[in-house]
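> give me a 3D structure for the following:
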Amino acid sequence: MFSLHEGSGLLLLLLLAGLQGAAEARGAPPCSPGFSEDLYTVVVPDITEKGWPLFNVKFVSCGRGGLVRFECSNPSDFRIEDNGVVYAARTLQRTPAPASPLLIKAVDTTTQQQWVTQVKMMPPTQVQELAVPPVMSKNFKEIVFPSQNADSTLKRIKRDWVIPPINVPENSRGGFPQELVRIRSDHDKNRSLRYSVTGPGADQPPTGIFTINPISGELSVNKPLDREHIPSFHLRAHAVDLNGNQVENPIDIVINVIDMNDNRPEFTHQIWNGTVPEGSKPGTFVMTVTSIDKDDPKSTNGILRYKILSQNPESPSPNMFTINNKTGGIITVAAGLDREKVPQYTLIIQATDMEGNPMYGLSNTATAVIRVTDINDNPPEFTAETFYGEVPENAVNVIVANLTVTDKDQPNTPAWNAVYKITGGDPTGRFSVPTDPNTNVGLVTVVKPIDYEINRQYVLTVEARNEVSLARGIHPPKQSTATVSIKVMDVNESPYFDPNPKLIRLEEGMLPESTLTMFTAQDPDRHMLQTIRYSKLSDLANWLRIDPGTGRISTIAILDRESPYVKNSLYNATFLATDNGKIPASGTGTLQIYLVDINDNAPKVYPHEAEICEKPEPNAINITALDGDLNPNAGPFAFELPHRPQDVKRNWTLTRLNGDYAQMSLKIGFLESGIYEVPIIITDSGNLPMSNTSYLRIKVCQCDMNGDCTDQQHIMATGLGTGAIISILLCIIILLILVLMFVVWMKRRDKERQAKQLLIDPEDDVRDNILKYDEEGGGEEDQDYDLSQLQQPDTLEPDAIKPVGIRRLDERPLHPEPQYPMRSAAPHPGDIGDFINEGLKAADNDPTAPPYDSLLVFDYEGSGSTAGSLSSLNSSSSGGDQDYDYLNDWGPRFRKLADMYGGSDD
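This next block holds a predicted model:
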């Protein structure tokens with residue numbers, strides 16, 4: 001239990017809380033910037049570490065926009081931050097109290113205005129073991145721990161005991177720390193106690209908001225509170241002795257932050273957009289604007305009121321809209337909204353708290369943009385009463401005229417888009433008026449051909465509407481209807497055949513120069529005197545002819561229904577009709593001739609070839625007939641064998657199966673294998689029957705047990721047709737031509753190769769660089785040389801000299817020559833060593849041989865020469881009278897020499 005009476009304690013707490021709330025609610029005196037106290041008294045510990053916070057000073061700025069800078073008179077020991085908290089600049093130890101207080105100066109960085117306060121620092125007093133309760137102000141609120149039993153055991157607190165909450169206004173100006181309440185225990189009368197508080201705001205985040213004097217138990221707030229941040233704090237108070245033993249049960253303390261009107265209303269959107277149809281009646285809802293106030297919505301600080309400050313434009317009335325001051329709903333209050341005059345309104349909306357009190361309430365504004373939407377209150381109107389156009393006859397999908405309209409409604413909307421309708425002047429539906437989606441123009445278009453000879457002019461009545469109906473009470477004016485006058489221009493039209501195609505029925509076999517029908521065309525241009533000429537455009541079988549002037553059609557060949565150009569007994573021919581206009585026009589017509597069949601085709605046997613066994617069993621060939629005619633000029637057919645040759649009926653029998661089929665079989669017990677041509681007489685069923693003898697080629701062969709022919713040779717193997725023989729001959733001729741071309745090509749290639757070899761310069765020919773020794777005789781090309789000119793005159797005997805032309809030109813000289821031992825022919829390359837040794841022995845044993853270190857003479861050609869110097873070949877004095885043209889006959893090796901000496905003097 002508290003030491004005070006229960007009733008008086010509760011009454012005191014409630015009274016103090018009410019007085020504190022009332023004091024905050026009363027009007028404050030005019031604000032004056034400066035420190036909250038002229039003199040601060042603070043207790044400094046005996047030892048203070050560097051960076052410890054010591055105390056703080058409160059500066060009231062009264063909403064000044066400038067930044068305040070703090071300075072202290074002893075910056076070596078103390079450091080002050082911008083928030084007014086003073087820290088130890090270095091480690092401080094207990095010292096006697098300073099003679100003069102610490103000076104704190106605040107300087108406005110904008111105006112350079114200064115304020116000064118003093119701080120008196122006191123050392124902590126020594127606490128006696130039996131401490132005397134601190135002296136308190138008589139009016140200071142006190143909270144006492146409940147009393148306990150003498151044995152110091154804790155007593156259970158009543159559950160219905162509730163400590164009233166402490167109300168603290170937000171945004172208090174201090175000074176700070178500001179004492180709120182004193183917590184006391186009855187045990188502090190006989191021993192020293194220490195008080196503490198725990199919970200958010202004390203020792204839990206956010207820490208440092210509330211502190212308690214551990215000796216006196218005074219609970220203080222150290223900074224202004226913000227209800228919008230934390231609306232209440234729940235703390236727990238503790239009391240312990242100097243040894244840390246709990247002497248009281250903890251008690252809960254609730255601190256409520258009293259709301260102050262410190263937040264303006266905030267609109268959720270700064271610009272609001274809404275729409276309202278034009279022509280709306282008063283009371284039509286437009287939109288709702290919303291604002292939020294962070295203050296307590298249960299108090300007048302958070303109750304908002306709305307109003308419209310301005311309307312732009314103020315047409316047709318300055319008060320076209322109103323707003324619900326509580327909900328923010330905007331509605332129309334006046335008629336006359338017309339989008340074509342005012343398409344948009346701009347409203348300035350104000351929200352004020354304190355229930356809209358203009359003196360104490362805070363307000364804010366937002367913009368509401370209201371767009372007037374279009375309705376179809378303006379019908380389209382034509383820009384002219386009559387529109388004109390012209391069109392050539394027979395033209396389709398041609399734009400004749402453009403219809404233009406005006407519409408005051410919003411472009412490219414259903415209320416503006418025009419729809420055109422022809423209401424008169426076009427009973428046959430030859431015109432339509434689609435809308436150009438880009439320009440809203442009506443395009444009068446011809447959708448069906450127009451004939452100048454029928455109607456030369458059209459007068460249309462066209463009505464213009466919108467895609468949506470007009471608003472109620474609005475009727476289309478006279479200008480929504482216009483007249484369109486269209487002139488039709490005459491053009492040269494093509495002649496046309498009627499009927500087209502024209503069908504006639506004729507019997508086939510009609511003779512040439514027979515008249516079939518008249519196929520004429522008509523000219524639709526009745527007002528033009530024109531003639532028509534006819535010509536044939538298509539006649540695949542070339543059977544018909546048309547008269548160019550009259551259109552009479554006659555035959556130039558026999559009409560045959562079985563022709564490949566006739567399909568299903570129909571033959572088509574196309575004719576052309578052309579007028580003689582300035583620009584000739586032509587049209588085509590088709591003549592269809594249905595050819596009635598006559599019996600003009602004899603039947604033929606089918607198939608043409610068959611196989612049958614040598615013995616009658618099993619033996620059967622089913623045959624039928626092919627007839628190009630139609631029934632009844634075709635089947636049923638009559639099949640029979642002729643009487644001649646006689647072996648036909650002796651060997652074969654023909655049995656009729658039905659009107660179209662018959663069966664051929666052997667009549668005798670055995671027929672030798674081979675190919676047989678069996679004649680068969682077939683007669684059709686025409687009114688004048690036609691008969692034909694067809695030959696069936698039958699292969700008689702040996703058969704196996706299944707009746708299949710065992711011969712490998714086919715029926716066509718006995719002979720080849722003319723086409724096959726021609727094909728074989730053509731293949732042989734082509735093969736011979738290819739062989740001949742290949743031979744010619746090979747010979748030409750050999751000639752080209754020889755020509756390339758002859759074009760090689762003899763000096764570059766490697767064959768001339770290979771010299772063969774021990775060869776005296778000349779080749780074919782040097783038989784005409786006089787070798788006697790190379791002999792020495794002194795060695796020749798007079799009687800041995802023969803006239804030129806008698807001696808052989810390649811004959812050796814007649815003077816004696818040294819005789820060398822005969823050498824064997826060149827041995828096999830494997831015995832080349834023996835060959836060299838034999839030659840060496842022959843040279844060693846030869847007494848006439850030169851010394852070993854001399855050159856060995858392989859062949860002696862004599863000494864001296866009766867011929868002159870070869871240098872005279874290039875002399876004009878010695879060779880000018882000679883004819884060297886014969887060098888051209890010696891071959892390509894002497895061609896260069898012939899060019900040098902056989903040419904002219906040049």
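> then the helix or strand harbouring residue 306 to PDB, C-alphas only?
Following DSSP states H and E, one finds residue 306 within strand 305-312. Output of strand 305-312 as PDB, limited to C-alpha atoms (Å, rounded to 0.1, in the frame of the first residue of the first chain):
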ATOM      1  CA  ARG A 305     -13.100  19.800 -43.400                       C
ATOM      2  CA  TYR A 306     -13.000  20.500 -47.200                       C
ATOM      3  CA  LYS A 307     -14.000  23.400 -49.300                       C
ATOM      4  CA  ILE A 308     -13.500  24.800 -52.800                       C
ATOM      5  CA  LEU A 309     -11.300  27.900 -52.900                       C
ATOM      6  CA  SER A 310     -11.500  28.700 -56.600                       C
ATOM      7  CA  GLN A 311     -12.900  27.500 -60.000                       C
ATOM      8  CA  ASN A 312     -11.300  28.200 -63.300                       C
END
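> run through who's touching it.
For strand 305-312, the surrounding residues in contact (C-beta atoms under 8 Å, 6 or more residues apart in numbering) are 289, 291, 318-328, 330, 345-352, 355-356, 361, 365. C-beta: built from backbone N, CA, C; applies to glycine.
> now swap in stretch 509-522 and tell me
Residues external to stretch 509-522 that are found in contact with it (C-beta under 8 Å, 6+ apart): 495-498, 502, 504, 506, 532, 534, 544, 546, 550-560, 575, 577, 587, 589, 591, 593, 598, 600.
> mind running it again at 6 Å?
When contacts are defined by C-beta atoms under 6 Å, 6 or more residues apart in numbering, stretch 509-522 is touched by residues 495, 497, 502, 504, 532, 551-557, 559, 577, 591, 598, 600.
> list the contacts of residue 604.
With contacts taken as C-beta under 6 Å, 6+ apart, residue 604 has the following neighbours: 626, 694.
> what subset of the contacts of strand 305-312 is buried?
Among the contacts of strand 305-312, those buried by neighbour count (16 or more other C-beta atoms under 10 Å) are 289, 291, 320-323, 325, 328, 330, 345, 347, 349-352, 356, 361.
> helix or strand next in line after the helix or strand bottoming out on mean pLDDT in the chain, which one?
Counting by mean pLDDT, DSSP states H and E, the chain has its least confident helix or strand at helix 6-25, which shows a mean of 37. Under the assignment DSSP H and E, the closest C-terminal helix or strand after helix 6-25 is strand 34-35.
> off-centre distance for that next one?
Using C-alpha atoms, centre = their mean, to the nearest Å, the distance from the centre of strand 34-35 to the centre of the chain it belongs to is 73 Å.
> restricting to C-alpha, output stretch 697-704 in CSV.
Coordinates of the C-alpha atoms in stretch 697-704 are reproduced here as CSV (Å, rounded to 0.1, in the frame of the first residue of the first chain):
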residue,chain,number,x,y,z
ARG,A,697,-2.7,-62.5,-131.4
ILE,A,698,-2.6,-65.6,-129.3
LYS,A,699,0.5,-67.2,-127.9
VAL,A,700,0.2,-70.9,-127.4
CYS,A,701,2.6,-72.1,-124.8
GLN,A,702,3.4,-75.0,-122.5
CYS,A,703,1.7,-74.5,-119.1
ASP,A,704,2.4,-75.7,-115.6
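> which residues does whichever helix or strand residue 118 is part of contact?
Following DSSP H and E, one finds residue 118 within strand 114-122. Among residues not part of strand 114-122, those counted as contacts by C-beta under 6 Å, 6+ apart are 34-35, 38-44, 101-102, 104-107.
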